[in-house]
Structure formats: structure tokens, C-alpha cells
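> Take a look and give me a structure for this.
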Amino acid sequence: MTKADIVEHIYERVGFSKKESAELVEQVFDIIKDTLAEGEKVKISGFGNFVVREKNARKGRNPQTGEEIRLSARRVLTFKPSLVLKNVLNEEPVTEAEARTEG
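As a prediction, this is how the structure comes out:
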């Protein structure tokens, strides 16, 4: 699915114009990007958590030459799906108690 597909689904389901749908999608993604760039977690109930993690510098190896290289410290984005999403993907029912703990 692409960003254009998401815009199309919002256009069809919500009734916004395509321009309004595109602006909405852009705004949501901008908010998520800005929040993650600030190092904050993004939790979408019933979907999952996006978390920025710090990785330390470490030694690595070029797989073609075997030469040792230094990998710099960096930030990485991780996603942990919610139990609700995992159950949907595995076609398992979500119990009421599980749904409450995801909030």
C-alpha cells in the first residue's frame, strides 16, 4: 500500500475531497515524523508502538572483503505491533480483556 492508496481510501470512506484527504494524510505523517525526530514514542492504540532507539558505535565487517570497519552510532526506528494487530494478522479473535489492556 502506498501513501496514494491511503489517500484514496480516505477519499472513498470518509467523503473528503482528494485534496483534503491528501492534506490529512500528510499532516498525520508529519506529526508522526516530528514526534519520532524528537525522540518520543508514538503509540497508536490497537495498532502498535513506534520507538526510536539509540545504537552505539560498533565494529563490523565488510562481507565481500572481510575487512573490519567501524559502524557509527545511530538512531533506529523500531515498531512493535499491538496484541490486537497481531491477532488480526493471525486471524485470532481479540478478547475484551486484551482490547482493554491495549488502550
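> Please, where are all the strands along the chain?
42-44, 48-55, 58-61, 68-71, 74-81 (DSSP state E).
> Pairing partners for the third one, with directions?
When pairing is defined by DSSP bridges, strand 58-61 lines up against strand 68-71 (antiparallel).
> and the strand it pairs with, average pLDDT?
If you average the pLDDT over strand 68-71, you get 94.
> quick one: low-confidence parts of the protein?
Within the chain, the ranges that satisfy pLDDT under 70 run 94-103.
> how about the helices in it?
Along the chain, counting by DSSP state H, helices occupy 3-14, 18-37, 83-89, 96-102.
> Now render the ones you listed as a markdown table, adding distance to Gly46.
C-beta coordinates here come from the backbone N, C-alpha and C atoms, glycine included. Listed next are the helices of the chain as a markdown table, based on distance: least, Cβ to Cβ, whole Å:
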| stretch | distance to Gly46 |
| --- | --- |
| helix 3-14 | 17 |
| helix 18-37 | 16 |
| helix 83-89 | 5 |
| helix 96-102 | 6 |
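> quick one, which of those helices is packed in tightest?
A comparison of those by mean neighbour count, using mean count of other Cβ atoms under 10 Å, puts helix 83-89 on top with a mean of 15.
> re the thing from before, could I get the strands of the chain as JSON lines with mean neighbour count?
Converted to JSON lines, these look like this (neighbours: other Cβ atoms under 10 Å):
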{"stretch": "strand 42-44", "mean neighbour count": "14"}
{"stretch": "strand 48-55", "mean neighbour count": "14"}
{"stretch": "strand 58-61", "mean neighbour count": "10"}
{"stretch": "strand 68-71", "mean neighbour count": "10"}
{"stretch": "strand 74-81", "mean neighbour count": "11"}
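> mind putting these in CSV, distance to Lys33 included?
Listed next are these as CSV, based on distance: least, Cβ to Cβ, whole Å:
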stretch, distance to Lys33
strand 42-44, 9
strand 48-55, 10
strand 58-61, 27
strand 68-71, 24
strand 74-81, 10
